[in-house]
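**Q** Have a look at this fold, sequence not included:
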C-alpha cells in the first residue's frame, strides 16, 4: 500500500525517502493535483493590497458624491410636474362644475365644493366631481381664488410650492394656472 501511495504522489518505488517525510509529500502531491493554482508563488501577487482597496473605496465615494445629488434634482422636478398635472386636472373639473352650475365656485366655497355639495344651489350640483381633494406634492392644500388675480377672466388654482408661502423662488416658487 505504501508503494502505491508513493507512486501516486509522484515518487517512484525505487527512490529512497525518509518514512517521516512520506505523508507530507503525499499530502503536498494530492494538494497540487486538487488545487493547481496553489502551486505557483504568484498566488500572493493576485490578491489586493489594503492600499488598492482604499483607493477603490475613495473612487467609489467620489462617484457617489457626484451622481447622487442629480437624483435629488429629479425628485423636485417630478414634484413640480405632478403639481402642474394636478392643477390642469382641477381646471378641467372646475370647468365641468361651471357647465353644471352656470358659475365657478366662490373663493369662500373653494375646491371643497367639488367633493361636497354647496349650501346654495344644491339641486343643480351633479357631483362629486372628484372623489378626493388631494394635497399638493409637498403635502399642502391647493389654493383657489375666483375671480382670478392673474388673468382677465376665470379663476386661479395654485400650489404654494415647497415653502407653503405665496411667492418664492426655486423650489418655493408658486405653481399655478397662470
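**A** Now that the structure is in, tell me what you want to look at. Here the structure is a predicted model, which means the values were calculated and not measured. Numbers count the residues shown, from 1 in each chain.

**Q** could you point out which element follows the helix or strand that contains residue 33?
**A** For residue 33, the host element (DSSP states H and E) is helix 22-34. Downstream of helix 22-34, the next assigned helix or strand under DSSP H and E is helix 50-101.

**Q** for the record, mean pLDDT for that next one?
**A** If you average the pLDDT over helix 50-101, you get 89.

**Q** from the chain's centre, how far out does the following helix or strand past it sit?
**A** Sequence-wise, the next helix or strand downstream of helix 50-101 (DSSP H and E) is strand 143-145. How far strand 143-145 lies from its chain's middle: 32 Å, per Cα atoms, centre = their mean, to the nearest Å.

**Q** Could you do stretch 102-117 as well?
**A** Here stretch 102-117 shows a centroid-to-chain-centroid distance of 37 Å under the convention Cα atoms, centre = their mean.

**Q** circling back to that earlier point, if you count neighbours, what's buried in the helix holding residue 33?
**A** Using 16 or more other Cβ atoms under 10 Å as the test for burial, helix 22-34 gives 25-26, 29. The way it works is simple: take the backbone N, C-alpha and C, and place the C-beta from them, glycine included.

**Q** That helix - contacts with which helices or strands?
**A** Here helix 22-34 touches helix 2-8, going by 3 or more Cβ pairs under 8 Å, 6 or more residues apart in numbering; DSSP states H and E.

**Q** any idea what sits nearest residue 138, other than its immediate chain neighbours?
**A** residue 162 (5.2 Å; Cβ to Cβ, 6 or more residues apart in numbering).

**Q** was I right about the one you found contacting residue 172?
**A** Yes: counting by Cβ atoms under 8 Å, residue 162 does reach residue 172; the two are 5.1 Å apart.

**Q** out of the two, which sits in the busier spot?
**A** Using other Cβ atoms under 10 Å as the criterion, residue 162 and residue 172 rank with residue 162 on top: 19 against 14.

**Q** Can you give me the separation between that one and residue 111?
**A** In this view, residue 162 and residue 111 are 20 Å apart by Cβ to Cβ, to the nearest Å.

**Q** Over to residue 53?
**A** Separation of residue 53 from residue 111 (Cβ to Cβ) stands at 58 Å.

**Q** ok so, going back, kindly confirm my reading that the residue nearest to residue 138 is in a helix.
**A** No: Residue 162 is assigned coil when assessed by DSSP: H, G, I helix; E, B strand; the rest coil, not a helix.

**Q** contacting residues around it?
**A** 76, 79, 138, 168, 171-172 (Cβ atoms under 8 Å, 6 or more residues apart in numbering).
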